[in-house]
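Trainee: This is the structure alone, sequence omitted:
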């Protein structure tokens, strides 16, 4: 694969990792395919990789490449066609006083403290709840691409931080963490809806939401957002609603 920006070509090489314990499905071994470039990834190349089912974690751009399992299905939300359901509309209206600030990745103590509290509440025992500052910085602040942090505040108090990567055709929703002691606020739902509205404003079509995994509750909520598309055999297809819906994330 290669990308070209301002007349310059960028070449990408791929390698497969050793197998490791799957983070999403019990008693499963996983393997990843990692994309390597000889320099920082330009937007065109990165956008191509995302369209081919890759994701980013820190400096690594990867996609599932497991020996026997194909449970991870890349999905993207079509921004211009999005029509919120009644619950989603209520959540959006409830957060109408949210203050939003889009900034470059920066080290802020309040971000890290919110991240720690979120991990300890939502992912206790999963390993990420023990992340120190170096792990947090490597995971969310180091990036070889066009990355932004979106701060959401109420009355000046930080409630949500969302990490997004800008693409030729939209954005990749890398990770979001938020105030864990207000489950009724449904900050996760609100954040996805904000990303959709943002793309509608700048005229780009897709929010790439990562992977949908049928037997992983933490991931399958994504089917609640429509119209959704899924990547199968290298082609993006419309997601029929009949294939299943899932509870909204809090």
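Mentor: Looks like it came in fine. Since we're looking at a predicted model, the values are computed, not measured. Numbering: from 1, shown residues only.
Trainee: Check which element follows the least confident helix or strand in the chain by mean pLDDT along the chain.
Mentor: Every helix and strand of the chain was ranked by mean pLDDT, DSSP states H and E. The lowest is strand 2-5, at a mean of 49. Where DSSP states H and E defines the elements, the next helix or strand beyond strand 2-5 is strand 8-16.
Trainee: The longest strand along the chain: partners in the sheet, and parallel or antiparallel?
Mentor: Taking DSSP state E as the criterion, the chain has its longest strand at strand 157-167. According to DSSP bridges, strand 157-167 forms sheet pairs with strand 147-154 (antiparallel), strand 170-178 (antiparallel).
Trainee: Please report phi then psi for residue 169.
Mentor: phi -120, psi 20 (degrees, to the nearest 10).
Trainee: Do I have it right that it meets residue 203?
Mentor: No. Applying CB atoms under 8 Å, one finds residue 169 not in contact with residue 203, separated by 10.5 Å. From N, CA and C alone the C-beta is placed, and that goes for glycine too.
Trainee: Any stretches of this structure with poor pLDDT?
Mentor: 1-8, 38, 124-130, 241-250 (pLDDT under 70).
Trainee: Which parts of it belong to which domain?
Mentor: Per automatic domain parsing, the structural domains of the chain span 2-70, 75-243.
Trainee: between residue 169 and residue 203, which one's more packed in?
Mentor: Neighbours of residue 169 and residue 203, each counted by other CB atoms under 10 Å, are more numerous for residue 169; the result is 13 against 8.
Trainee: contacting residues for the more buried one?
Mentor: Listed by CB atoms under 8 Å, 6 or more residues apart in numbering, the contact set of residue 169 reads 47, 51, 204, 205, 206.
Trainee: Can you name the two of these that sit furthest apart?
Mentor: Using CB to CB, those span at most 13.1 Å, a distance reached by 51 and 204.
Trainee: re earlier: mind listing what's buried along the longest strand of the chain?
Mentor: Residues of strand 157-167 classed as buried by neighbour count (16 or more other CB atoms under 10 Å): 158, 159, 160, 161, 162, 163, 164, 165, 166, 167.
Trainee: same deal with stretch 181-194?
Mentor: Result for stretch 181-194 [16+ other CB under 10 Å]: buried residues 185, 186, 187, 188, 189, 190, 191, 192, 193, 194.
Trainee: Please apply the same query to stretch 224-236.
Mentor: 224, 225, 226, 228, 229, 230, 231, 236.
Trainee: ok, now stretch 115-126?
Mentor: In terms of neighbour count (16+ other CB under 10 Å), stretch 115-126 has its buried residues at 115, 116, 117, 118, 119, 122.
Trainee: Reformat the residues you listed as TSV; add distance to residue 104 and secondary structure.
Mentor: Below are these laid out as TSV (distance: CB to CB, whole Å; DSSP: H, G, I helix; E, B strand; the rest coil):
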residue	distance to residue 104	secondary structure
115	17	helix
116	22	helix
117	24	helix
118	21	helix
119	23	helix
122	26	helix
